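[1] The sequence and its predicted three-dimensional model are supplied below.
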Amino acid sequence: MDRSAVDWHGYIPAVTTPFAEDGALDLAALAVQLEWMVDERLPGIVLAGTTGEWFSMTERERATLFEAAAKAIAGRITVIAGCTAYTADEAIRHAHAAERAGCDGILLTPPPYLVPGADEIVAFYQEVSAAIGLPICVYNWPRGTNVDMSADLLSRLAEVENVVAIKNSTGDFAAWIEGLYRLKDQVRYFGFPMNEVGITLLRHVGGDGTMGAGAVLGREHADFFRHVAAGDLDAARRCGERDRVLMERWFTRDLGPRFASAQAVLKAALRMRGVPAGHVRRPLLPLTSEQLDQVAATMDELGLRAA
């Protein structure tokens, strides 16, 4: 496989996983949330990513999430299943669950916490690839894995049979640019900033989009990339400016949280839009009243709170 095997493009959000206040998986809320994503014309979703709290879900819950989401989406947009795990065997089981559910591909980081070396990472992806039939998006997520994969390593991973895309969330922009130039014709490449730099690179170098988080702006996230493709750069800039408000108010430059977990902030923001994103599951904590006020102030600034 290579980039031509899939049509993954634009803004694909890592969606929140709705939990009830008692921590139970809320599949009814999930169905409503995903219908909102479709209505907002997002080209795809990622399930059980970092935003989706994969780390607090059982294997059975993740399989249930994949099945319920694929059924709700019913082929209308791309569904990518987050299969991050500590071992290849576990990641393969998640990927098989995604295949059975009818998902379109998987998102996979190197094993977190372990800090594996380059050869170990390549062997990990090769083992997973050899055991599954779905396309793979490699996820470089240094904040969660303590490994920042270089362009050289990403180039090796792009040669793995089922790898068709890379979500490169490195904080090293020079390394990100190097990866773009080296890999854009081989795999789908995600991580473009929604600003003037992103516009210039998309128009003059190439690339595919951003796998973001939560989709608080809904269609405006996706419209940034649509406007760039159509040549309406002023409209793209307006979408990007609104995205920057969220990023600057809620996150640090390396995508860390400013005042609370990203999952709690994004769920609160979506609920303020009337989207049933549910609650976080421990060990994450709900927002305090003061933190909710901070989220509400941003939502009001952008005119996003439901009436």
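    Happy to help now that I have it.

[2] can you map out the helices along the stretch 201-307 of the chain?
    For the stretch 201-307 of the chain, the helices defined by DSSP state H, counting those that start in this stretch occupy 219-230, 233-250, 262-272, 289-301.

[3] Tell me how far the shortest one lies from the chain's centre.
    The chain centroid and the centroid of helix 262-272 are separated by 15 Å, computed with CA atoms, centre = their mean, to the nearest Å.

[4] For it, enumerate the helices and strands it packs against.
    helix 289-301 (3 or more CB pairs under 8 Å, 6 or more residues apart in numbering; DSSP states H and E). Backbone N, C-alpha and C define where each C-beta goes, glycine included.

[5] Just the buried residues of the helix it packs on, please?
    In terms of neighbour count (16 or more other CB atoms under 10 Å), helix 289-301 has its buried residues at 291-292, 294-295, 298-299.

[6] ditto for stretch 40-49
    Quick answer for stretch 40-49 (16+ other CB under 10 Å): 40, 42-49.

[7] Show me which of these is closest to residue 56.
    For the buried residues of stretch 40-49, the closest approach to residue 56 (CB to CB) belongs to residue 48, at 10.4 Å.

[8] From residue 3, how far off is that closest one?
    From residue 48 across to residue 3, the span is 23 Å (CB to CB, to the nearest Å).

[9] For residue 206, which non-adjacent residue is closest in space?
    residue 184 (4.5 Å; CB to CB, 6 or more residues apart in numbering).

[10] my read: that neighbour touches residue 205, true?
    Yes. Residue 184 lies in contact with residue 205 (CB atoms under 8 Å); the separation is 6.8 Å.

[11] Would you confirm that residue 46 belongs to a strand?
    Yes. Counting by DSSP: H, G, I helix; E, B strand; the rest coil, residue 46 is found in a strand.

[12] show me the contacts for the closest residue to residue 195 other than its chain neighbours.
    Excluding its sequence neighbours, the residue lying closest to residue 195 (CB to CB, 6+ apart) is residue 240, at 5.1 Å. Residue 240 is in contact with 194-196, 198-199, 224, counting by CB atoms under 8 Å, 6 or more residues apart in numbering.

[13] swap the cut-off to 6 Å and go again
    Taking CB atoms under 6 Å, 6 or more residues apart in numbering, we find residue 240 in contact with 194-195, 224.

[14] That one and residue 101, how far apart?
    34 Å.

[15] same check, this time on residue 128
    Distance from residue 128 to residue 101, by CB to CB: 17 Å.

[16] same thing with residue 122?
    Applying CB to CB, the value for residue 122 to residue 101 is 28 Å.

[17] Tell me the pLDDT of the nearest residue to residue 270 once chain neighbours are set aside.
    Excluding the flanking residues, the one nearest residue 270 by CB to CB, 6+ apart is residue 277, at 3.7 Å. pLDDT recorded at residue 277 is 96.

[18] same deal with residue 233?
    You'll see residue 233 listed with a pLDDT of 98.

[19] Tell me, how many residues neighbour it?
    Per other CB atoms under 10 Å, the neighbour tally for residue 233 reads 15.

[20] returning to that earlier point: now, which of the buried residues of stretch 40-49 sits nearest residue 209?
    Taking CB to CB as the measure, residue 209 sits nearest to residue 43 out of these, at 8.0 Å.
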